[in-house]
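> Build me a model from this:
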Amino acid sequence: MTSVATIDDYISTFPDDVQKVLQAMRQAIRQALPERATEAVRYKLATFRLDGEDFIYFAGWKKHVSLYPVTDEERKSIPELAAYKSSGVTVQFRLDKPLPTALIGKIVKQRLEGAGPESGE
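Residues are numbered from 1 along each chain as shown. Okay, the predicted model is just below:
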């Protein structure tokens with residue numbers, strides 16, 4: 001992948017059908033985050049930052065899109081996650097299935113609740 005500076009650049013590197021899924025994922029994340037969240041590309045991943053810190057990443061792949069990090073605690077508190085493949089702190093959403101945007105929003109909100117004052121400055 002060539003160097004990309006923005007999430008728009010990142011998404012544009014994928015085929016049109018994957019771009020649509022990534023845009024939907026981006027929108028679901030954006031809607032769940034406070035307005036002060038910013039976008040970036042970090043570690044070659046689309047990233048949302050909160051208060052100057054990386055908060056959540058998403059990425060496109062050949063057969064799925066991924067969201068990370070998703071912790072074991074979040075998996076336990078959001079039972080719907082059991083229906084999706086996970087690897088470490090990553091949850092995968094297959095491209096041949098509808099993107100669960102409500103679930104993505106729920107994951108982001110759960111992460112926000114867990115962020116607490118100790119994660120900020």
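> How far off centre is the top helix by length along the chain?
The helix that spans the most residues within the chain, counting by DSSP state H, is helix 16-32. The gap between where helix 16-32 is centred and where its chain is centred comes out at 9 Å by CA atoms, centre = their mean, to the nearest Å.
> continuing past it, what's the next helix or strand?
For helix 16-32, the following helix or strand on the C-terminal side (DSSP states H and E) is strand 38-42.
> picking up where we left off before, packing partners of the longest helix of the chain?
Helices and strands touching helix 16-32, by 3 or more CB pairs under 8 Å, 6 or more residues apart in numbering; DSSP states H and E, are helix 7-12, strand 45-50, strand 53-60, strand 64-68, helix 101-115. No exception for glycine: its C-beta is placed from N, CA and C like everyone else's.
> angle of the fourth one against strand 53-60?
When you say that, I think you mean strand 64-68. Angle, strand 64-68 to strand 53-60, by axes from the mean of the first three to the mean of the last three CA atoms, to 10 degrees: 170 degrees.
> Against which helices or strands is the helix or strand that strand 64-68 is followed by packed?
Next along the chain after strand 64-68, taking DSSP H and E as the criterion, comes helix 72-77. Under the contact criterion of 3+ CB pairs under 8 Å, 6+ apart, helix 72-77 touches helix 101-115.
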